[in-house]
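Engineer: With the sequence up front, the predicted model follows.
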Amino acid sequence: MGSNPQRKPRIVLVDDHPLVLAALGRMLRTYCDVVARVSSGCEAVEAVSTLRPDVLVADLMMPDIDGLEVCRRVKRLAPEIAVVIITASDDSAIRAAALRDGASAFVPKHLAAETLGPTIERVFAEILKLS
């Protein structure tokens with residue numbers, strides 16, 4: 001983690017839609033250091049394993065393994081990494097499942113422009129407190 005509280009969080013982004021992935025990367029560049037952009041759940045788990053980011057931002061619905069399974073695998077692999085689930089759905093049952101499976105936060109995509117950056121800052125601050 002490091003002891004510099006001024007550093008930006010290192011994140012991995014995963015979304016199977018290239019335009020969404022690019023937009024998220026542009027939107028988040030002032031908040032964090034995007035160390036990888038990947039388009040599948042399996043690639044996300046591999047990127048986390050290799051790069052050990054502070055935060056994984058994962059889309060819920062992907063063609064190989066969904067964001068909840070990615071979250072479970074990442075938390076088994078590296079419990080210190082925060083997972084933020086983003087999705088087009090704002091379903092309370094899905095939100096509850098994500099949080100139960102170890103996600104630090106859940107952000108509906110329609111609110112991402114306003115809330116994703118501050119959400120990443122919040123979960124990163126929580127990581128720093130624990131380290």
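Structural biologist: Perfect, I can see it now.

Engineer: Please count neighbours and contacts with C-alpha atoms only from this point.
Structural biologist: Fine.

Engineer: which helices and strands does the one helix or strand Leu13 maps to pack with?
Structural biologist: Using DSSP states H and E, Leu13 sits in strand 10-14. When contacts are defined as 3 or more CA pairs under 8 Å, 6 or more residues apart in numbering; DSSP states H and E, strand 10-14 packs onto helix 18-28, strand 33-38, helix 41-51, strand 55-59.

Engineer: Please enumerate residues in contact with the longest helix along the chain?
Structural biologist: The residue-count maximum for a helix in the chain (DSSP state H) belongs to helix 112-130. For helix 112-130, the surrounding residues in contact (CA atoms under 8 Å, 6 or more residues apart in numbering) are 1, 5, 9, 27-28, 31, 54-55, 80, 82, 84, 86, 104-105, 107.

Engineer: And these, which two are furthest apart?
Structural biologist: Greatest spacing in the contacts of helix 112-130, by CA to CA: Pro5 and Ile86 (25.4 Å).

Engineer: Of those two, give the one with the bigger neighbour count.
Structural biologist: Taking neighbours as other CA atoms under 10 Å, Pro5 and Ile86 compare with Ile86 leading, 26 against 12.

Engineer: State the distance from that one to Ser131.
Structural biologist: 25 Å (CA to CA, to the nearest Å).

Engineer: picking up where we left off before, write a ChimeraX command that selects only the buried members of the contacts of helix 112-130.
Structural biologist: To isolate the buried members of the contacts of helix 112-130 in ChimeraX, using 16 or more other CA atoms under 10 Å:
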select :9,27,28,31,54,55,80,82,84,86,104,105,107
